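Undergrad: my questions are about this predicted structure, shown below with the sequence.
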Amino acid sequence: MTDRTPRYFFAKESRSMRKMMVLCVIFAVVASACGSATGGGQQGKTLAVVNGEPLTEATLMREVENLPPYVRPILETAAGRAQFLESVITRDLLMREALRRGIDRRPEVADRIAMARKSIVLEALLRDVAEKAPGLSDEALRKIYDANPASHQVGERVRVSHMLFRDKERALEILGRVKAGESFEALMKEVGSGNGEVAADLGEIERGNFVKEFEEAAFAAAPGVVAGPVKTTYGYHVIKVYAKLPAGTRSFEEVKPKLLAEQREQAQREAFEAMIADLRKQATVRVLYKPEGPPATPGAPAPGTTPAAPKGGGPALPTPGK
């Protein structure tokens, strides 16, 4: 076998492994939806037996717990599920062969495994601390809300979407189609698909956060009106205003999700700091490393000291930071 052959083989296998990991998450969703996986420590249906060891639905579900959900549609067919199962069997056979050869005991591999283990365990610890951090009741959040009313003030706002074009002619074309009766939202999907065009729902905007020309057009338009083209430094905008909201104070219910997130983050940070402080108190730690600073200049004052007044009674040099 030439040197080129194994590299080619594992390049192909790497692509297959990536595909397999994508398929894993779909299998978990299908198995869960069908109700075939069982709880109470049982393994569920056996899907294959590899060298005498069963490969079960529960085994596969454990592998996909941390995979992203956007790949799930891949295994909606029986053929996709069968391909997934074959990929898992192939991966397991390769893993068994790697262990048989002692690859996991090679120093460079063992070091990487040890580092990965630390990361996984520490991530689980931090997640455990975060989940157990105390929450706040509505009453406590209400007190925080009432303590700082100025932070809940908002100016006049409009709820707006826009489409942005580089060419005025293209903006006029889209504006004409809207005025002819086509849906603004449907056209947003069309223009947002490429060619350097942008379509976005901006939600609520307040004066002072966008370019002047855009704001003037948005705040001048009546709800339901499509305005444009509006020229800015970014190009030509076609704007639709959905609603106008007066200046005022955001209600407690509007602010509550943000307050809850902020206070929970603070509680988690305090829990982490308390845990670390307690661990440091219980442990015996001797730091032997002392950072080496630049060599001292003859006659220069030691770090942290105030320079002496020069001879002859002149004023002392200023202390850094004062």
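TA: That came in fine, so what should we check first? Residues are numbered from 1 along each chain as shown.
Undergrad: how far away is Thr233 from Glu169?
TA: For Thr233, the distance to Glu169 equals 19 Å [CB to CB, to the nearest Å]. Where C-beta positions appear, they are placed from N, C-alpha and C, glycine not excepted.
Undergrad: same deal with Met275?
TA: Distance of Met275 to Glu169, given as CB to CB: 62 Å.
Undergrad: now swap in Gln83 and tell me
TA: The separation that Gln83 has from Glu169, given CB to CB, amounts to 49 Å.
Undergrad: neighbour count winner among the two?
TA: More neighbours surround Gln83 than the other of Gln83 and Glu169, with 16 against 9 (other CB atoms under 10 Å).
Undergrad: confirm that that one sits in a helix.
TA: Yes: according to DSSP: H, G, I helix; E, B strand; the rest coil, Gln83 belongs to a helix.
Undergrad: shaky segments in the stretch 51-200 of the chain?
TA: Where the stretch 51-200 of the chain drops to pLDDT under 70, the residues are 63-76, 80, 192-194.
Undergrad: quick one, helices of it?
TA: With DSSP state H, counting those that start in this stretch applied, the stretch 51-200 of the chain shows helices at 57-63, 78-100, 107-131, 138-147, 168-179, 184-191, listed in chain order.
Undergrad: and the longest one, what does it pack onto?
TA: Okay, so that is helix 107-131. Using 3 or more CB pairs under 8 Å, 6 or more residues apart in numbering; DSSP states H and E as the contact test, the elements touching helix 107-131 are helix 252-282.
Undergrad: cool, and the last one?
TA: Packing contacts for helix 184-191, counted by 3+ CB pairs under 8 Å, 6+ apart, involve strand 157-165, helix 168-179, strand 198-206.
Undergrad: span of stretch 225-243 from start to end?
TA: With CA to CA, to the nearest Å as the measure, the first residue of stretch 225-243 is 10 Å from its last.
Undergrad: ok, residues contacting it?
TA: The list of residues contacting stretch 225-243 from outside it, by CB atoms under 8 Å, 6 or more residues apart in numbering, reads 158-168, 170-172, 174-175, 178-179, 184, 211, 213-214, 217-218, 220-224.
Undergrad: now those: which count as buried?
TA: Applying a neighbour-count criterion of 16 or more other CB atoms under 10 Å, the buried members of the contacts of stretch 225-243 are 158-165, 170-171, 174-175, 178, 184, 214, 217-218, 221.
Undergrad: can you give the strand pairings for the longest strand seen in the chain, parallel or anti for each?
TA: As far as residue count goes, and with DSSP state E defining each element, the longest strand of the chain is strand 235-245. Partners of strand 235-245 in the sheet, by DSSP bridges, are strand 157-165 (antiparallel), strand 226-232 (antiparallel).
Undergrad: rewinding a little: with distance to Val109 added, can I get the helices and strands packed on helix 184-191 in a markdown table?
TA: Compiled in a markdown table, these are given as follows (distance: least, CB to CB, whole Å):
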| stretch | distance to Val109 |
| --- | --- |
| strand 157-165 | 51 |
| helix 168-179 | 56 |
| strand 198-206 | 47 |
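Undergrad: any idea which of the ones you listed gets closest to Glu108?
TA: Ranking the helices and strands packed on helix 184-191 by proximity to Glu108 (CB to CB) places strand 198-206 first, at 47.0 Å.
Undergrad: for that closest one, buried residues please.
TA: Ala199, Ile205.
Undergrad: other SSEs contacting that strand?
TA: Applying 3+ CB pairs under 8 Å, 6+ apart, one finds that strand 198-206 contacts strand 157-165, helix 184-191.
Undergrad: out of those, flag the one nearest Glu206.
TA: Of all those, it is strand 157-165 that lies closest to Glu206, at 5.0 Å by CB to CB.
Undergrad: quick one: the closest one to helix 184-191, angle?
TA: Here strand 157-165 runs at an angle of 40 degrees relative to helix 184-191 (axes from the mean of the first three to the mean of the last three CA atoms, to 10 degrees).
Undergrad: relative orientation of strand 157-165 and strand 198-206 in degrees?
TA: Computed by the same axes, to 10 degrees, the angle separating strand 157-165 from strand 198-206 equals 160 degrees.
Undergrad: any chance you could list what contacts strand 157-165?
TA: Outside of strand 157-165, the residues within contact range by CB under 8 Å, 6+ apart are 171, 174, 184-185, 187-188, 191-192, 197-206, 214, 218-219, 221, 229, 234-245, 247.
Undergrad: where does pLDDT dip in the stretch 201-322 of the chain?
TA: Counting by pLDDT under 70, the stretch 201-322 of the chain contains low-confidence ranges at 293-322.
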